[in-house]
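**Q** Compute the structure for the input listed below.
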Amino acid sequence: MSSVINTNVASLNAQRNLSASQSSLNTSIQRLSSGLRINSAKDDAAGLAISDRMNSQIKGMNQAVRNANDGVSMAQTAEGALASSGDMLQRIRELAVQSSNASNSASDRKALQTEVSQLTSELNRVASTTQFNGQNLLDGTMGTANFQVGANANQLISMSGSNFTTSTYGNNTEVKDGIDTAATNAITGGDLTINGTSGSKTITFDADISANTAVKQINDVTGSTGVTASATTNTLFKADAGALGKSFTLAVASDNDPTTSPVNVSFQIGDDGNANDYAAAISAFNAQSAKTGVTASYDATAKGLKLTNASGNDIKLTNSSTDAASTATLAAYKTDGTASTTTAALGLAADAVAKGTITLDSAASFSTSDASGWGMTGSSDLKKVSDIDVSTFDGAQQAIKIADAALSKVNDQRAQLGALQSRFDSTISNLQATNENLSASRSRIVDTDFASETANMTRGQILQQAGTSMLAQANSLPNGVLSLLRG
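**A** Numbering: from 1, shown residues only. Have a look, this model is predicted:
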């Protein structure tokens, strides 16, 4: 090996190794001081790109959790306001039930209506003023609220707004005038199609069925339509002018079987046909109401006897009187409470059948198409919460139905909000689990392993000391050439 002094290869080698160990030591110090394995792209270019995408997902999911919690808070605010509304509707219904009792005078009902009016005003105020972060929730102005519950676009949960101002919900009802009473009184068979919010359903009626039977068929499919039915039979029995002061014997069939168990009622009509003159008839009918289901009262407007079957069964009367002059007429009642001008003659040894009136009710709007003889073709009318009036018996009865329908809508919306809160909770739980796993993956890429890196630092420190020593030795090697020159 030649001896040279211009180029000290050993020194160059020692310098190169010392520089490498210095760089390694600096990297270890940087990683240990920052806690990160990747401090710049040169440390791990691919790892940096991967970890940066993961970091975007992690930050996005952290914000999504906060968004979902905001959604829970908004749903809770709306649901809490509806809970208060439900309590007020329950009170309104309670007052309506109280007002329906005959023991209340007109002034009593007026006092009850005063509280109802205050409650409906408060219901409207709650709907108009319930807000979350300045946004109205229950007055119909919110529309659809979208909550970003993921790190990426279109990862949304939607919350539909609702309108609970008192003029927008209540009982949707459809009722036609009573079917004109006739001697034959045949109801044609046919189909009734109900189009409700829960779906559409077609019901086939047999010919000449009672309103009570028709109602049972309608209520059997309530789950498919969202529409319920009830029936009442009302008919006006009025003695002919020539029958005043005469005695009547009528065979009554309604809840009882008309063939096997008709019930006879006998009474005399007074000379003027006023309330006192029909008193005996009222007593005779009501004495047998446990068997027939038919109750009687005096209709002061029509000046006749109003017969009622509250369950909607037909009321069949057969005139079994012995006096040929003991004749009368039957007439149906219209929806406005007045008797129809179309009457059916109830002559001696003749009979007439009064059919009931069917009322359809729903918390949401619906329509019907009727090919049978009930005449139930049309759309429902909204009886609004704001229109509740318990100052009369009929108004109190209607108020019960309105309150029931309103409570149904409130409870449906509360159920939706509750389900939405559960969905948000599930989303939050899923986001947190995903975030945890993704953070662990990112940590394995970018975070410093202190156990490994401290070993690397120790190695670098030793190499630094050794390299410095060797560089000093390498730098002194050319001194050997001097011994050659001295010789």
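**Q** Contact partners for the closest residue to residue 155 other than its chain neighbours?
**A** Leaving aside its chain neighbours, residue 155 sits nearest to residue 149 (6.0 Å; criterion: Cβ to Cβ, 6 or more residues apart in numbering). Any C-beta I mention is one placed from the backbone N, CA and C, and that applies to glycine too. By Cβ atoms under 8 Å, 6 or more residues apart in numbering, the residues touching residue 149 are 64, 67, 68, 71, 155, 156, 157, 424, 427, 431.
**Q** now residue 424
**A** Contacts of residue 424 (Cβ under 8 Å, 6+ apart): 68, 69, 71, 72, 75, 147, 149, 157.
**Q** ok now the helix or strand harbouring it, how far from the chain's centre?
**A** Residue 424 belongs to helix 393-446 when assigned by DSSP states H and E. Offset of helix 393-446 from its chain centre (Cα atoms, centre = their mean, to the nearest Å): 11 Å.
**Q** same thing with stretch 318-328?
**A** For stretch 318-328, the distance to the chain centre is 57 Å (Cα atoms, centre = their mean).
**Q** What is the burial count for residue 174?
**A** Applying other Cβ atoms under 10 Å, we find 22 residues neighbouring residue 174.
**Q** how many other residues sit next to the nearest residue in space to residue 90 that is not next to it in sequence?
**A** Distance criterion Cβ to Cβ, 6+ apart; nearest residue to residue 90, sequence neighbours excluded, is residue 407 at 7.1 Å. Counted with other Cβ under 10 Å, residues neighbouring residue 407 total 17.
**Q** Would you check that residue 463 makes contact with residue 17?
**A** Yes - distance between residue 463 and residue 17: 7.5 Å, which falls inside the contact criterion (Cβ atoms under 8 Å).
**Q** These two: who's more crowded?
**A** residue 463 (18 against 15).
**Q** Spit out the contact partners of that one.
**A** Contact partners of residue 463, counting by Cβ under 8 Å, 6+ apart, are 17, 18, 21, 24, 25.
**Q** What sits closest to the fourth one if chain neighbours are left out?
**A** Read that as residue 24. When the adjacent residues along the chain are set aside, residue 24 lies closest to residue 460, with 4.7 Å between them (Cβ to Cβ, 6+ apart).
**Q** Just the element for the one you found, please.
**A** Per DSSP H and E: helix 450-476 holds residue 460.
**Q** Show me what counts as buried in that helix.
**A** Residues of helix 450-476 classed as buried: 453, 456, 457, 460, 463, 467, 470, 471, 474 (neighbour count, 16 or more other Cβ atoms under 10 Å).
**Q** With stretch 226-246 instead?
**A** 226-240, 243, 246.
**Q** Could you identify the buried members of the contacts of residue 149?
**A** By 16+ other Cβ under 10 Å, the contacts of residue 149 give 64, 67, 68, 71, 157, 424, 427, 431 as buried.
**Q** can you put these in CSV and add pLDDT and distance to residue 387?
**A** Shown next, in CSV, are these (pLDDT from 0 to 100; distance: Cβ to Cβ, whole Å):
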residue, pLDDT, distance to residue 387
64, 95, 45
67, 95, 41
68, 96, 40
71, 95, 35
157, 94, 36
424, 96, 37
427, 95, 41
431, 95, 47
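**Q** before we move on, the earlier item: ok, now which ones touch the residue nearest to residue 24?
**A** 21, 22, 24, 25, 28.
**Q** rerun that using 7 Å as the cut-off
**A** Neighbour list for residue 460: 21, 24, 25, 28 [criterion: Cβ atoms under 7 Å, 6 or more residues apart in numbering].
**Q** Next one, pLDDT for the third one please.
**A** Here, the pLDDT recorded for residue 25 equals 85.
**Q** Name the nearest residue to it, ignoring sequence neighbours.
**A** Distances taken as Cβ to Cβ, 6+ apart place residue 460 nearest to residue 25, at 3.3 Å, with adjacent residues excluded.
**Q** Repeat that for the last one.
**A** Leaving out its chain neighbours, the residue that sits closest to residue 28 by Cβ to Cβ, 6+ apart is residue 457, at 3.8 Å.
**Q** if I read this right, the one you found contacts residue 25, doesn't it?
**A** Yes - with contact defined as Cβ atoms under 7 Å, residue 457 and residue 25 form a contacting pair (6.4 Å).
**Q** Could I have the CA atoms of the biggest strand by length in the chain written out in PDB?
**A** Across the chain, the longest stretch assigned as strand under DSSP state E is strand 228-239. This file holds the C-alpha atoms of strand 228-239, laid out as PDB (Å, rounded to 0.1, in the frame of the first residue of the first chain):
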ATOM      1  CA  THR A 228    -111.300   4.700  12.300                       C
ATOM      2  CA  ALA A 229    -115.100   4.700  12.100                       C
ATOM      3  CA  SER A 230    -118.000   5.100  14.500                       C
ATOM      4  CA  ALA A 231    -121.700   5.000  13.900                       C
ATOM      5  CA  THR A 232    -124.900   6.300  15.500                       C
ATOM      6  CA  THR A 233    -128.500   5.800  14.400                       C
ATOM      7  CA  ASN A 234    -130.800   8.700  14.800                       C
ATOM      8  CA  THR A 235    -134.400   8.900  13.500                       C
ATOM      9  CA  LEU A 236    -137.300  11.100  14.100                       C
ATOM     10  CA  PHE A 237    -140.600   9.400  15.000                       C
ATOM     11  CA  LYS A 238    -143.500  11.800  14.500                       C
ATOM     12  CA  ALA A 239    -147.200  11.000  14.800                       C
END
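**Q** what's the helix or strand for the closest residue to residue 477 other than its chain neighbours?
**A** Leaving aside its sequence neighbours, residue 477 sits nearest to residue 10 (Cβ to Cβ, 6+ apart; 5.7 Å). In this structure, residue 10 sits in helix 9-34 according to DSSP H and E.
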